[in-house]
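K.L.:
Please find the sequence and the predicted model below.
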Amino acid sequence: MTAPATVTRWDHSVRPADQPLDPDRLRWVLQKIQRWQPYVDGSLLEDLAVVLDDYTPSEEEVEGIALRLRGHLMRLAKLAVTSRVDQQDNQVADLVESARTVRSEELPGGHRQAVGHVRRMAWNVNELLERLVENQCLKEAA
């Protein structure tokens with residue numbers, strides 16, 4: 001039979017742990033992480049392809065595409081501002097301003113006008129995406 005292991009006791013005083021965040025703030029952080037969406041994902045690229053390729057979105061598709069493009073514009077513009085690239089690159093600053101303008105406009109009533117509007121939004125998304133890649137805020141989308 002072997003002898004029992006010796007137990008070493010800690011005899012130094014230990015201060016209580018510092019909690020970096022209170023429970024409410026930790027829940028808030030968790031919710032932010034759970035709702036996080038990548039800046040460039042398959043849906044952004046698909047929306048650009050649908051609008052900017054030779055295909056013309058149907059009347060039923062236009063409203064959904066416009067809503068998604070507004071979200072893409074908002075995320076990319078926010079990235080440009082929070083990373084301060086808009087202060088370093090005048091073209092990005094112009095694109096952010098254009099994004100804010102076109103995103104806030106109502107979708108026109110006629111189908112052709114609505115398609116033109118979503119195409120303007122898509123071009124803005126595409127140009128802003130390219131400038132953010134050039135400024136190394138984002139990696140090039142596959």
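P.N.:
Structure's in. What do you need?
K.L.:
contacts, neighbours, all on C-alpha from now
P.N.:
Fine.
K.L.:
okay, now residue 31: neighbour count?
P.N.:
Look at residue 31: counted by other Cα atoms under 10 Å, it has 11 neighbours.
K.L.:
how about the helices of this protein, start to end?
P.N.:
Secondary structure of the chain (DSSP state H): helices at 23-35, 42-52, 59-82, 85-88, 90-104, 111-134.
K.L.:
and the first one, average pLDDT?
P.N.:
In other words, helix 23-35. Helix 23-35 shows a mean pLDDT of 84.
K.L.:
Likewise for the shortest one?
P.N.:
Throughout helix 85-88, pLDDT has a mean value of 91.
K.L.:
other SSEs contacting it?
P.N.:
helix 90-104 (3 or more Cα pairs under 8 Å, 6 or more residues apart in numbering; DSSP states H and E).
K.L.:
quick one, the helix it packs on and helix 111-134 angle?
P.N.:
150 degrees (axes from the mean of the first three to the mean of the last three Cα atoms, to 10 degrees).
K.L.:
just checking, what packs against helix 90-104?
P.N.:
Counting by 3+ Cα pairs under 8 Å, 6+ apart, helix 90-104 packs on helix 59-82, helix 85-88, helix 111-134.
K.L.:
out of those helices, deepest packed?
P.N.:
Mean neighbours per residue, mean count of other Cα atoms under 10 Å, is largest over those for helix 111-134, with a mean of 20.
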